[in-house]
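> Starting from these lines, generate the structure:
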Amino acid sequence: MSMWPHQRQVTLIALPNAPYWARRHTEAILNEWRVRAVAADAALVVTELVTNAVKATGLLDAAAYQDYALRPQSVPYAKLVAAGVVRLRLSHSPGRLLVEVWDRCDDPPDEQLPDFVSEGGRGLFIVGAYCEKWGWYPAQGGGKVVWAELAAP
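Numbers count the residues shown, from 1 in each chain. Here you go, the predicted structure:
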């Protein structure tokens with residue numbers, strides 16, 4: 001039997017709405033697995049990790065991003081895919097939930113101490129506060145995976 005008997009993975013285009021869809025996916029999967037006690041915390045962690053992955057992957061050029069923001073249907077699918085993708089994998093075993101997010105950037109995550117004035121830079125600080133442990137590793141074939149583990153009764 002696998003160490004993680006329940007696993008789900010989703011690939012998302014690296015656009016500003018990817019964290020939203022990752023969060024919805026997480027909530028639905030954890031509801032299906034009946035792991036509701038940790039769903040809100042896990043959704044927050046997923047949102048932070050996917051947000052970082054989207055930033056690390058790089059967005060569309062400024063003009064295409066503006067077009068997408070105003071009229072999503074106006075941007076050709078090929079151009080969206082060229083923006084890159086991120087992958088989210090959720091794994092659950094009794095008592096544990098593992099969140100893994102892949103992006104194509106090889107650079108390690110940049111953990112910063114929050115200054116509580118800036119609008120960003122708190123993502124990994126939040127992840128560390130909600131998780132038992134977190135880390136990252138270079139992915140086979142390029143990029144990196146940032147992972148976080150939560151207690152899941």
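
> Every contact and neighbour count from this point should use C-alpha atoms.
Will do.

> Name the nearest residue to the residue nearest the centre of the chain, sequence neighbours excluded.
The residue lying closest to the centre of the chain (CA atoms, centre = their mean) is residue 50, at 2.4 Å. Spatial nearest neighbour of residue 50, chain neighbours left out: residue 19 (5.4 Å); criterion: CA to CA, 6 or more residues apart in numbering.

> mind listing what the one you found touches?
Counting by CA atoms under 8 Å, 6 or more residues apart in numbering, residue 19 makes contact with 46-48, 50-51.

> try residue 145
Contacts of residue 145 by CA under 8 Å, 6+ apart are 100-103, 136-139.

> for the chain, what are the low-confidence residue spans?
For the chain, the stretches flagged by pLDDT under 70 are 1-2, 59-83, 112-121.

> Would you mind naming the residues that bridge with residue 136?
Here residue 136 sits in beta bridges with residue 146, going by DSSP bridges.

> Next, the contact list for it, please.
Contacts of residue 136 by CA under 8 Å, 6+ apart are 108-109, 144-147.

> possible to save those residues as a markdown table with distance to residue 57?
As requested, the contacts of residue 136 are exported to a markdown table (distance: CA to CA, whole Å):
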| residue | distance to residue 57 |
| --- | --- |
| 108 | 12 |
| 109 | 12 |
| 144 | 11 |
| 145 | 12 |
| 146 | 13 |
| 147 | 16 |
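
> Thank you kindly, that will do.
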